[in-house]
Structure formats: C-alpha cells, structure tokens
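Participant: for reference, the sequence and a predicted model appear below.
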Amino acid sequence: MAGPRRDTTRRALRAQHSRRRRPDGGDAVEQHGLSHRTTIGGGWPETNADLHRTERHGSGVGGEDFDFGPERVDRGMTDVLVVGAGFSGLAAALRLIRAGVQVRVLEARDRVGGRALTRWLDDGTQLDLGAQWIGPGQDRVYALVRRYALETFPSASVGAPAVLWDGARRDAAPDVASRVVDLLDGYAERLDPAAPWTAPEAARWDATTLGDWLAGTAPDPVTARYLDRLLAGGLLATSASQVSVLQMACYLRSGGGARSLLGMVGGAQQDRIVGGPAALAEAMAAGLGPGVVRLSTPVDTIGQDDGSVVVRAEAERFEAAAVVVAVPPALAGRIRYAPALPALRDGLTQRMPMGSALKTHAIYPAPFWRADGWSGVATCSDGPITETVDNGTPTSARGVLTLFSYGPAANALRGMAPPARTATLLDALAAIAGPAARQVEMVVDHDWSADPWTRGCFGGALTPGAWQEYGPSLRAPVGRIHWAGTETATHWTGYLDGAVEAGERAAAEVLSRLSVTSPGYR
Ligand SMILES: Cc1cc2nc3c(=O)[nH]c(=O)nc-3n(C[C@H](O)[C@H](O)[C@H](O)COP(=O)(O)OP(=O)(O)OC[C@H]3O[C@@H](n4cnc5c(N)ncnc54)[C@H](O)[C@@H]3O)c2cc1C
C-alpha cells in the first residue's frame with residue numbers, strides 16, 4: 001500500500017509545484033482575485049524576523065467611535081458577515097453560501113488560512129509553519145481534501161522513536177507514564193464534550209491544576225515533568241501549572257483520547273496535505289466565489305441593534321443581518337463591541353489565553369538520522385525541545401527535523417537573539433541525534449506569538465476554574481453575533497477539523513436565525 005500511495009503523492013506534489021512556479025522565481029497562487037505569495041524566491045530567511053517581512057500585518061484594533069443608527073440590512077447586499085478567513089470562517093462561509101445566503105468574509109491578513117501557513121524551499125520542499133497534520137477521525141478535513149481534489153501523504157516514519165529521559169536516551173518512556181495518562185483518559189470519558197462543566201467531578205477537576213495533579217499522581221518527578229511537557233506542552237503549548245485537570249480532560253475527550261492525539265500512524269499526526277493546509281484554505285476560499293473574501297480588512301468594531309449588525313474595519317463599514325466571529329477568543333476580546341459584550345462572554349475572552357509554542361524547522365541536505373535507524377521522533381523530559389519529528393516530504397531529498405518547544409521553554413528561546421536561539425536548539429538536538437545535527441543548512445520558524453493576528457499557538461485554553469464559571473459562554477450567541485473558531489469546537493478542538501466543525505455549527509445557528517426572521521429564505 002505504501003509504495004503506490006507515495007508514487008501518487010509524488011506526482012501530485014510535482015503537479016502542484018509546477019503549477020505554482022512563476023517566471024520571477026517566486027511562486028504564487030491566483031484564485032478568484034486572491035493573490036497569495038506562497039514561496040519566498042531567492043533563498044530562505046534564517047530567522048522568523050526575516051520571514052515576518054513577507055507578511056503584511058494590519059494596524060491592530062482601534063478606530064473611531066461609531067453609531068450604527070436605524071439602518072436596516074440591504075437584502076441585495078451581504079446577509080452575513082464572517083470575521084476571519086481561517087478554516088473556521090471559510091467553513092462557515094461555505095455552508096452559508098451553499099444555503100443561498102450572501103456572505104462576505106473579512107480577513108485581517110493579506111492571505112487566507114490563518115494558523116495554516118506553508119512555505120517552500122527552492123527545491124520544492126514543503127514546510128508547514130503552522131498546522132500540518134491530519135489523522136483518523138478528522139472526517140471533516142479529509143472530506144474537504146477530497147472535495148477540492150487535493151491529496152495527502154503519510155508523515156515520514158522510517159525507524160524507531162527515541163525518548164530523552166532525564167538526560168539519557170532510551171527507546172520508550174517507562175510504562176508507568178502510560179498508566180498515568182490512562183487515568184486522565186478515564187476522566188475524559190466521563191465528560192460531555194459540549195458541556196464539560198456538568199460532570200459531577202467538574203468543579204474539583206477545574207480547581208486542580210494539571211501540575212498539582214501530576215505531582216500527586218505520577219510516581220516520581222521525572223515522570224511528572226515528562227507528562228507536563230508531553231500533555232500540557234505537546235497538546236496545549238503551555239505548562240501544567242497553567243491549566244486545570246478539567247481543561248486537559250476536555251481536550252483529550254475532544255480528540256478521542258491521548259493515543260489518538262499523540263499518535264503518528266493511526267493518530268492525529270498520521271497524514272499531511274500535499275501543498276499544506278494552506279492549499280486547502282486557498283481552495284476553500286476559491287470555492288466561495290469571487291469577491292467573497294476581503295483580505296487586509298482587520299475588523300475593529302462590531303455593533304448591533306434589533307435589526308442588524310454593523311462591522312467596522314478601519315475606514316470601512318459593513319452591514320448584515322448577523323456576523324460569525326471566527327477568530328480565537330483572545331483575539332475576539334480585542335474587538336470593540338457596541339453594546340459591550342455581556343460580562344461572562346467578555347470574561348471568557350480574558351480567561352482563554354493562547355498557548356506558546358515554537359515550531360522550528362532544521363533543514364539538512366539529507367535525512368542523516370535515518371541511516372542510524374532513528375525515526376526523527378523524540379520526546380524529552382527536559383531542555384528547550386520537547387518533541388522532534390522527521391518532517392521530510394516524499395519528493396524532496398532534503399532532511400527536515402522539526403523541533404517543538406512549549407510554554408516556558410518557548411518563551412526563554414523567544415528572548416534570545418536568533419543565533420543564540422539556533423545554537424541552543426542545535427545543542428539540544430545533538431543530544432538526541434548526534435553531532436551531525438549541528439551541520440544544519442538553515443533554520444526556519446515563524447513566531448505565532450508575535451503575529452498580531454494569532455498571538456500564540458496552537459490555540460486557546462481556559463485557565464483553572466474558568467470552565468465552571470465561563471464555559472457556558474463559549475458558544476452562546478450574543479444577539480446577532482455567533483462564535484466560531486476551533487476553540488469553540490466540541491470535537492477536535494484546537495485542530496483544523498475542530499475549526500471546520502465550529503464554522504459549520506455557527507453557520508447552522510445563523511441559518512436558523514435567518515429562517516426565523518425571513519420565513520421565505522432559501
Ligand atoms: C504551529 C502550529 C501547529 C499546528 N499544528 C496543527 C496540526 O498539525 N493539525 C491541526 O489540525 N491543527 C494544528 N494547529 C492548529 C490549527 O492551525 C488551528 O486549530 C486552526 O488553523 C484554527 O483555525 P481557525 O479558523 O479557528 O482560526 P485561525 O486559523 O486563527 O483563523 C482566524 C482568522 O481570523 C483572522 N483575524 C483575526 N483577528 C481578526 C480581525 N480582528 N479582523 C479580521 N480578521 C481577523 C486571522 O488573520 C485568521 O486568518 C497548529 C497551529 C499552529 C500555530
């Protein structure tokens with residue numbers, strides 16, 4: 001099975017890349033008026049600061065006060081506005097347009113895809129700087145891949161994984177670590193993913209940090225530290241002191257349990273998309289039709305009255321019957337609302353910070369580690385790197401090791417000048433992969449925490465105690481404002497699939513609203 005599948009993938013990759021190539025050495029996709037530069041011509045930047053220069057950032061929230069007066073929505077114009085052209089906003093818009101609704105998507109960046117961002121090296125090596133994997137159970141994303149005739153390829157997996165446990169390299173973590181994780185999975189199974197605060201133990205679990213729970217449950221400090229980094233780090237990009245047991249259990253529940261979430265083959269890291277998730281986002285945007293997505297339109301104010309919503313983006317003004325806000329709660333809280341949001345909804349946006357991860361690609365002329373029988377997959381109980389993966393693609397001879405750093409480790413790296421950061425990461429990598437790890441060709445990252453339209457990654461997680469008090473406000477519409485974004489999903493929250501679920505759910509809410517206010521609505 002693997003051989004033919006990889007051949008097909010290779011052909012598809014070649015086709016994609018030749019379609020993208022432009023005579024000026026850069027590569028672009030032109031679709032329905034969307035022009036999104038997807039490759040940097042003339043060599044690669046070494047630092048995220050250089051990479052950032054390829055993106056246009058909007059000017060941030062703010063703008064003049066406004067009144068939205070007595071106007072009513074013009075039925076010949078937009079019916080529904082969507083804020084954000086990430087997977088969630090695009091999925092909402094697709095669903096609404098299929099139902100015959102006039103939609104306009106307002107996107108702050110000069111590209112679609114949000115936390116999905118793909119770049120290519122000069123030889124066509126695909127680097128997914130944001131989201132990259134999909135896996136079994138993520139049926140919505142696989143369906144979109146099929147719908148837009150894209151293809152997937154299996155994540156590189158040649159050889160055996162490694163664990164750096166308290167400084168020593170071994171084949172696997174001790175069995176006891178799995179038993180501790182099984183306990184958490186057991187908690188997760190007792191939760192209703194749509195209302196986790198209703199579980200009998202919810203108050204206790206929400207009042208206990210995962211860090212305290214691990215300290216009292218894991219048999220030794222190394223196991224506690226390892227699981228802190230693997231679970232709070234690898235899944236939520238934070239540390240166990242920052243999230244509750246309930247938040248962790250919710251996340252496990254939504255992704256089908258720890259094995260599903262952490263696994264490669266058979267798990268959430270199984271497959272990648274040819275062209276990256278960014279190619280899928282571009283296809284979805286093209287599927288909306290011309291003129292639907294307005295790029296470089298950062299929404300700063302949303303007002304509503306009994307008849308309509310009025311959305312302002314810098315000097316522009318848009319009016320509709322409803323708005324879907326498809327941005328992470330932490331960013332939704334930076335938009336101004338008139339009238340102001342209810343206290344609990346605003347409180348939620350203050351209690352769902354984005355995680356902090358650094359995803360660094362170390363590029364080599366060849367995947368030297370495969371000859372040693374190492375798969376490139378490692379997890380570490382200590383140090384600046386928590387996880388590594390082989391991120392090579394079937395069509396590229398280059399070797400790519402992708403390094404993940406989370407929470408405090410990511411923040412410490414972020415505070416270093418790029419050369420010191422690279423040296424620190426490569427020293428840590430050499431402890432796993434040997435001295436050849438230092439012979440890197442280039443290092444590429446993108447600091448999502450410094451990116452004004454994301455402000456952290458992988459996503460938002462509620463602080464301890466917040467599920468109990470603020471959880472019910474996560475999805476509840478506020479008048480004509482409906483909330484999407486992966487953080488509001490009940491399944492695969494934090495993932496592309498969750499983003500699609502959330503967008504479709506918000507669209508369904510809006511359709512139900514429109515059929516109530518306009519009975520003859522298609
Ligand atoms: C490094 C990294 C690795 C990841 N790995 C994976 C993975 O392997 N698999 C997986 O499934 N998921 C992964 N994720 C998570 C995945 O990317 C997200 O769950 C998903 O992309 C979220 O989609 P969304 O539409 O909800 O939000 P976003 O993608 O954040 O989209 C929100 C959009 O709203 C725009 N916006 C924000 N504020 C405004 C405003 N005021 N006005 C107008 N527009 C605005 C933003 O520019 C953005 O385009 C990863 C994320 C990161 C960052």
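Facilitator: Looks like it arrived, so ask away. Residues are numbered from 1 along each chain as shown.
Participant: okay, helices next: where are they in the stretch 301-450 of the chain?
Facilitator: 329-332, 343-350, 407-414, 418-433 (DSSP state H, counting those that start in this stretch).
Participant: please work out the average pLDDT along the first one.
Facilitator: Looking at helix 329-332 alone, the average pLDDT works out to 98.
Participant: how about the CA coordinates for it, as CSV?
Facilitator: The C-alpha coordinates for helix 329-332 follow below in CSV (Å, rounded to 0.1, in the frame of the first residue of the first chain):
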residue,chain,number,x,y,z
PRO,A,329,-11.4,34.2,21.9
ALA,A,330,-8.3,36.0,22.9
LEU,A,331,-8.4,38.0,19.6
ALA,A,332,-12.2,38.3,19.7
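Participant: is it anywhere near the ligand?
Facilitator: Yes - Helix 329-332 comes into contact with the ligand (C-beta under 6 Å from any ligand atom), by way of Leu331. Yep, even glycine has a C-beta here, placed from its N, CA and C like the rest.
Participant: if we look at that helix, which residues are touching it?
Facilitator: 325, 348-349, 352-354, 453-456, 460, 474, 483, 485, 487-488 (C-beta atoms under 8 Å, 6 or more residues apart in numbering).
Participant: among the residues you listed, the buried ones, what's the PyMOL command?
Facilitator: To isolate the buried members of those in PyMOL, using 16 or more other C-beta atoms under 10 Å:
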select buried, resi 325+348+349+352+353+354+453+454+455+456+460+474+483+485+487+488
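Participant: of the contacts of helix 329-332, which are in range of the ligand?
Facilitator: By C-beta under 6 Å from any ligand atom, the members of these lying near the ligand are 453-454, 485.
Participant: can you redo these as TSV with secondary structure and pLDDT?
Facilitator: Converted to TSV, those look like this (DSSP: H, G, I helix; E, B strand; the rest coil; pLDDT from 0 to 100):
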residue	secondary structure	pLDDT
Trp453	coil	98
Thr454	coil	97
Gly485	coil	98
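Participant: in JSON lines: the residues you listed, plus distance to Ser155.
Facilitator: Output for these, formatted as JSON lines (distance: C-beta to C-beta, whole Å):
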{"residue": "Trp453", "distance to Ser155": "28"}
{"residue": "Thr454", "distance to Ser155": "24"}
{"residue": "Gly485", "distance to Ser155": "26"}
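Participant: Arg421: which of those is nearest?
Facilitator: Thr454 (19.6 Å; C-beta to C-beta).
Participant: give me phi/psi at that closest one?
Facilitator: phi -130, psi -50 (degrees, to the nearest 10).
Participant: chain neighbours aside, what residue packs nearest to it?
Facilitator: Using C-beta to C-beta, 6 or more residues apart in numbering and skipping residues adjacent in sequence, the residue nearest Thr454 is Trp448, 4.8 Å away.
Participant: okay if I get the helices of the stretch 301-450 of the chain as CSV plus distance to Arg115?
Facilitator: Converted to CSV, these look like this (distance: least, C-beta to C-beta, whole Å):
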stretch, distance to Arg115
helix 329-332, 11
helix 343-350, 18
helix 407-414, 16
helix 418-433, 22
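Participant: tell me which parts of the stretch 201-350 of the chain are close to the ligand?
Facilitator: 298-299, 326-328, 331, 335.
Participant: so which of the residues you listed wins on neighbours?
Facilitator: Ala326 (32 neighbours; other C-beta atoms under 10 Å).
Participant: secondary structure element for the closest residue to it other than its chain neighbours?
Facilitator: Of all residues not flanking Ala326 in the chain, Gly89 sits nearest, at 3.4 Å (C-beta to C-beta, 6+ apart). Element membership of Gly89 [criterion: DSSP states H and E] is helix 87-98.
Participant: packing partners of that helix?
Facilitator: strand 80-83, strand 103-106, helix 139-147, helix 276-287, helix 496-517 (3 or more C-beta pairs under 8 Å, 6 or more residues apart in numbering; DSSP states H and E).
Participant: again, only this time at 6 Å
Facilitator: If you count contacts as 3 or more C-beta pairs under 6 Å, 6 or more residues apart in numbering; DSSP states H and E, helix 87-98 packs onto strand 80-83, strand 103-106, helix 496-517.
Participant: how far is it from where the chain is centred?
Facilitator: 17 Å (C-alpha atoms, centre = their mean, to the nearest Å).
Participant: in it, what's buried?
Facilitator: 87-97.
Participant: any chance you could list what contacts that helix?
Facilitator: 80, 82, 103, 105, 284-285, 288, 324, 326, 484-485, 496, 499-500, 502-504, 506-507 (C-beta atoms under 6 Å, 6 or more residues apart in numbering).
Participant: tell me where the stretch 351-500 of the chain has strands.
Facilitator: Applying DSSP state E, counting those that start in this stretch to the stretch 351-500 of the chain gives strands spanning 357-364, 374-380, 387-390, 399-406, 442-445, 481-483.
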